[in-house]
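Trainee: Starting from these lines, generate the structure:
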Amino acid sequence: QVQLVESGGGLVQAGGSLRLSCAASGRTFELAAMGWFRQAPGKEREFVASTRKSATLTYYADSVKGRFTISRDNAKNTVYLQMNSLEPGDTAVYYCAAKKLSSGLRTLEYDYWGQGTQVTVSS
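Mentor: Predicted coordinates for the structure are as follows:
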């Protein structure tokens, strides 16, 4: 089993920045990729960004490309999401996810999920 714990959410004004962290513990050697998803009230959970553990490739949703950056520290089993130029439309619960396969990184087919952290962007 793998446990994921997110931190770093909060309330920020439009145009501001936040950095989310996700610490993985347990059988982290099984993980091939990690990602971030978000879910706004009344909406489906959607892909935000992902990265493979063994490569430097990163993937982003079009809505966040150029504003958000995903990075990882394999030594700490931690993945980060730097969010800049935040907009009210970014308001959501943000979830960290991890998977054993390195394919399908934009889908919801992840093996492990964190509990989520609230990000609220005021106008």
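Trainee: Okay, now the unreliable bits of the protein?
Mentor: Applying pLDDT under 70 to the chain picks out residues 55.
Trainee: got the contact list for the residue nearest to the spatial centre of it?
Mentor: The centroid of the chain falls nearest to residue 36 when counting by C-alpha atoms, centre = their mean (2.1 Å). By C-beta atoms under 8 Å, 6 or more residues apart in numbering, residue 36 lies in contact with 20, 22, 48-50, 70, 79, 81, 94-97. For glycine as for every other residue, the C-beta is placed from the backbone atoms N, C-alpha and C.
Trainee: Take those residues and keep only those in strands.
Mentor: With DSSP state E as the criterion, strands contain 20, 22, 48-50, 70, 79, 81, 94-97 from among the contacts of residue 36.
Trainee: Show me the strands in the chain, by range?
Mentor: 2-7, 10-13, 18-26, 33-39, 46-52, 58-60, 68-73, 78-83, 92-99, 112-113, 117-122.
Trainee: Residue 106: which of those is closest?
Mentor: For residue 106, the closest of the strands of the chain is strand 46-52, at 4.7 Å, according to C-beta to C-beta.
Trainee: Which strands or helices does that closest one pack on?
Mentor: Strand 46-52 is packed against strand 33-39, strand 58-60, strand 68-73, strand 78-83, with contacts defined by 3 or more C-beta pairs under 8 Å, 6 or more residues apart in numbering; DSSP states H and E.
Trainee: tell me the most buried of those?
Mentor: Comparing those by mean neighbour count (mean count of other C-beta atoms under 10 Å), strand 33-39 ranks first with a mean of 24.
Trainee: so it versus strand 92-99, what angle?
Mentor: Computed by axes from the mean of the first three to the mean of the last three C-alpha atoms, to 10 degrees, the angle separating strand 33-39 from strand 92-99 equals 160 degrees.
Trainee: And strand 33-39, how far out from the chain middle?
Mentor: In terms of C-alpha atoms, centre = their mean, to the nearest Å, the centre of strand 33-39 is set 4 Å apart from its chain centre.
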